[in-house]
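Participant: My questions concern the predicted model and sequence given below.
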Amino acid sequence: MFTPLRIDPAKVLGEITAFQRKLAAGMESLRGLHEPDYANTPREVVYREDKLTIWHFKGTGKPTSKTPLLIVYALVNTVWMTDLQADRSLVRNLLEQGEDVYLIDWGYPDGADRWLTLDDYLNGYLDRCVDVVRERHSLEAINLLGICQGGAFSLCYTAMHPEKVKNLITMVTPVDFHTPDNMLSHWVQGLDVDLFVDTLGNIPAELMNWVYLTLKPVRLNQQKYISLVDIFDNRKELENFLRMERWIFDSPDQAGEAFREFIKDFYQGNKLVKGTLTIGGKPVDLGMVTQPVLNIFAEQDHLVPPDASRVLGKHVGTTDYTQLAFKGGHIGIYVSGRAQREVPPAIHQWLRSRD
């Protein structure tokens, strides 16, 4: 027998009325909102090449760190997750700690970039960016902070150009691409990437966004928009939500050839941990990374599972290896209140003890 539903009409009416009130308040708030901006920390251009820009950030005081820090972001999404808003900014907090911060903005590839390879990105663009910062400070080596795919790039770069890197920090960085809980890796194992790239050329940003959103379809495509009603009457929270949405969908296309190589060599071949990776004819041996390494990963990361990142300590050649587990997700490690309090100070103290 079925148990009859016990519905309180007065309670239902109250919930409907409250829902309508929030919708009305939300419509009023949306009418008065402009598109939320980001990337507001003062900065200057110090180098441009093709689509690429190096930004140098300005804090309220002079840096106390002796060695500048160059942030290497992923090619996917824009770099401004590192400077989303004043109270959610990895860059701003690093400046307040006394770091001298530079950032590589890869820009938006177009048809002219279709044939760019990983060699072009790492032994070309990234190497020249490192040289620019080194020359500005008259230093032989600088500090690198690589984020996600940018962390994998930084590991490869350091292995190939160890003399130019003093300290290396990796954040939510995939190292072992074949861990059992790596949903994205499982998805691409059966992908005919040659057919994919030969057909599309550059990989459209809209397609990449769709892939990431469908890894958690209910949470990222339905639940968050239903939950939006709960903040409709809170202008600040609504602005924060729209700012994040703008960043998510303000994504660059992926240069076709570099995408092909990254999927085949890293995701499908797992060559980084196997020791069989070459870039531009140069072997990439993580054992050559003998600099101090700080590896930061997120415990609830569904894009880069902790096991995919924490394995780094088994492969690098350094005897000075530190790892930091953060309670949060792939994005929360940059924008959550906990992240603002914990991550930049941890990075600064680690660097300070080695400066």
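Facilitator: That came in fine, so what should we check first?
Participant: For the stretch 51-200 of the chain, which segments count as helices?
Facilitator: Applying DSSP state H, counting those that start in this stretch to the stretch 51-200 of the chain gives helices spanning 90-97, 118-119, 127-137, 149-160, 183-188, 193-200.
Participant: mind giving me a markdown table with those and columns for distance to residue 240, mean pLDDT and mean neighbour count?
Facilitator: In this view, the C-beta of every residue, glycine as well, is placed from N, C-alpha and C. Shown next, in a markdown table, are the helices of the stretch 51-200 of the chain (distance: least, C-beta to C-beta, whole Å; pLDDT from 0 to 100; neighbours: other C-beta atoms under 10 Å):
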| stretch | distance to residue 240 | mean pLDDT | mean neighbour count |
| --- | --- | --- | --- |
| helix 90-97 | 16 | 96 | 23 |
| helix 118-119 | 35 | 98 | 20 |
| helix 127-137 | 31 | 98 | 17 |
| helix 149-160 | 25 | 98 | 25 |
| helix 183-188 | 26 | 90 | 16 |
| helix 193-200 | 34 | 97 | 14 |
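Participant: any chance of those in TSV, plus distance to residue 47?
Facilitator: As requested, the helices of the stretch 51-200 of the chain are exported to TSV (distance: least, C-beta to C-beta, whole Å):
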stretch	distance to residue 47
helix 90-97	17
helix 118-119	20
helix 127-137	5
helix 149-160	17
helix 183-188	32
helix 193-200	29
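Participant: Can you tell me how far residue 84 is from residue 348?
Facilitator: Using C-beta to C-beta, to the nearest Å, we find residue 84 at a distance of 20 Å from residue 348.
Participant: what's the answer for residue 272, then?
Facilitator: The value you get for residue 272 to residue 348, if C-beta to C-beta is used, is 28 Å.
Participant: max-length helix in this protein?
Facilitator: Ranked by residue count, the top helix of the chain under DSSP state H comes out as helix 9-31.
Participant: and for the next helix or strand after it, what are the contacting residues?
Facilitator: Using DSSP states H and E, the helix or strand that follows helix 9-31 towards the C-terminus is strand 43-49. Judged by C-beta atoms under 8 Å, 6 or more residues apart in numbering, the contacts made with strand 43-49 from elsewhere in the structure are 53-58, 102-103, 125, 128-129, 132, 136.
Participant: Repeat that for stretch 268-283.
Facilitator: Residues contacting stretch 268-283 (C-beta under 8 Å, 6+ apart): 117-119, 122-123, 152, 155-156, 160, 175-178, 188-189, 191, 193, 265-266, 284-287, 311, 315.
Participant: what ranges do the strands span in this protein?
Facilitator: Along the chain, counting by DSSP state E, strands occupy 43-49, 52-57, 69-72, 101-105, 142-147, 165-171, 278-279, 282-283, 293-298, 321-326.
Participant: Need the ones you listed in TSV (columns: mean pLDDT).
Facilitator: Listed next are the strands of the chain as TSV, based on pLDDT from 0 to 100:
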stretch	mean pLDDT
strand 43-49	98
strand 52-57	98
strand 69-72	98
strand 101-105	98
strand 142-147	98
strand 165-171	98
strand 278-279	98
strand 282-283	96
strand 293-298	97
strand 321-326	96
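Participant: Just put the ones you listed in CSV and tack on mean neighbour count.
Facilitator: Converted to CSV, these look like this (neighbours: other C-beta atoms under 10 Å):
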stretch, mean neighbour count
strand 43-49, 13
strand 52-57, 20
strand 69-72, 26
strand 101-105, 25
strand 142-147, 26
strand 165-171, 24
strand 278-279, 18
strand 282-283, 14
strand 293-298, 24
strand 321-326, 16
